[in-house]
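S.K.: Generate a structure from the sequence data that follows.
(3 chains)
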Amino acid sequence: MKLIITIISDQDNEPVSQALIGKGFRVTRIASTGGFFRRGSSTLMIGVNDEKVSEAIELIRDSVSAASDTSMPRATFFVLNVENFTKI
Amino acid sequence: MKLIITIISDQDNEPVSQALIGKGFRVTRIASTGGFFRRGSSTLMIGVNDEKVSEAIELIRDSVSAASDTSMPRATFFVLNVENFTKI
Amino acid sequence: MKLIITIISDQDNEPVSQALIGKGFRVTRIASTGGFFRRGSSTLMIGVNDEKVSEAIELIRDSVSAASDTSMPRATFFVLNVENFTKI
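M.R.: Numbering: from 1, shown residues only, chains lettered A, B, ... in the order given. Predicted coordinates for the structure are as follows:
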């Protein structure tokens, strides 16, 4: 199990989340602020099985809008190993 | 040291946090939104020694309210390994 | 690559973030609440190359204000290993 933490612009929150949810991913969204330009950003946390990491990243890649400022990334991904995952 | 990231419903934030704090756990709370139903959720981060992970999870399990919608988990837990923990 | 998650008081958010950004670190800021005293806190996520972890922590240490309540930490750091880091 991996935890993908991805930081995207606010405007991409809705289409990205819907794309992920539509494919059965469970997404937790957190309002955040990007460091450079103080623009609003969204931080998404997505718990996925190891073999689904690429699919989730591809979905996000296909759902973010075109870059208006090419010096800024459209999405940043941190993939973390999850030692233990439990739901109750 | 582990970092427990747990996602619970908003209504459980207060009782769960109080139960953890009452037992000496340090909790950082973040407002979040669950993916499926857009309901408010709370994301808690709890740094714990390895041998305390089970105790923290049990405390949360005992503090969340009964599920009103049995198709939704009452709590989701990601346990991450912490390479380095420092306080100043 | 490491992900530093640091929890600081709200009042330190701005000077700490500016110090990090000034040195080229990229910071994502999230509003949070500390567990003990319910005071506002800020959670910063900073993705850094392994060899930059100490520099980032030193910068934060030098930028937080003096402790008004010496029983509370001024900053808490969790350093997590990042299995995969991608920007698009």
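S.K.: alpha carbons only for contacts and neighbour counts from here, please
M.R.: Noted.
S.K.: residues touching residue A:2, list them.
M.R.: Residues counted as contacts of residue A:2 (Cα atoms under 8 Å, 6 or more residues apart in numbering or on different chains) are A:47, A:48, A:49, A:50, A:53, A:79, A:80, A:81, A:82.
S.K.: Select only the buried ones of these in ChimeraX?
M.R.: Listed next is the ChimeraX selection for buried residues among these, using 16 or more other Cα atoms under 10 Å in any protein chain shown:
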select /A:47,48,53,79,80,81,82
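S.K.: from the contacts of residue A:2, which two are the most distant?
M.R.: A:53 and A:82 (12.6 Å; Cα to Cα).
S.K.: How about the residues of chain A by chain C?
M.R.: For chain A, the residues in contact with chain C (Cα under 8 Å from any Cα of the partner chain) are A:30-36, A:61, A:73-81.
S.K.: Chain B next: which of those residues are close?
M.R.: A:30, A:31, A:80, A:81.
S.K.: which regions of chain A sit below the pLDDT cut-off?
M.R.: A:35-38 (pLDDT under 70).
S.K.: Relative to residue B:75, how far out is residue A:57?
M.R.: Separation of residue A:57 from residue B:75 (Cα to Cα, to the nearest Å) stands at 25 Å.
S.K.: Contacts only, for residue A:60.
M.R.: A:16, A:19, A:20.
S.K.: Break down chain A into its helices, ranges please.
M.R.: Under the criterion DSSP state H, chain A contains helices at A:10-22, A:53-63.
S.K.: for the ones you listed, which one sits closest to residue C:26?
M.R.: The nearest among those, by Cα to Cα, is helix A:10-22 at 17.1 Å.
S.K.: How about the most centrally placed residue in chain A, nearest residue that isn't a chain neighbour?
M.R.: The centroid of chain A falls nearest to residue A:6 when counting by Cα atoms, centre = their mean (3.4 Å). Nearest residue to residue A:6 in three dimensions, chain neighbours excluded: residue A:77, at 4.5 Å (Cα to Cα, 6 or more residues apart in numbering or on different chains).
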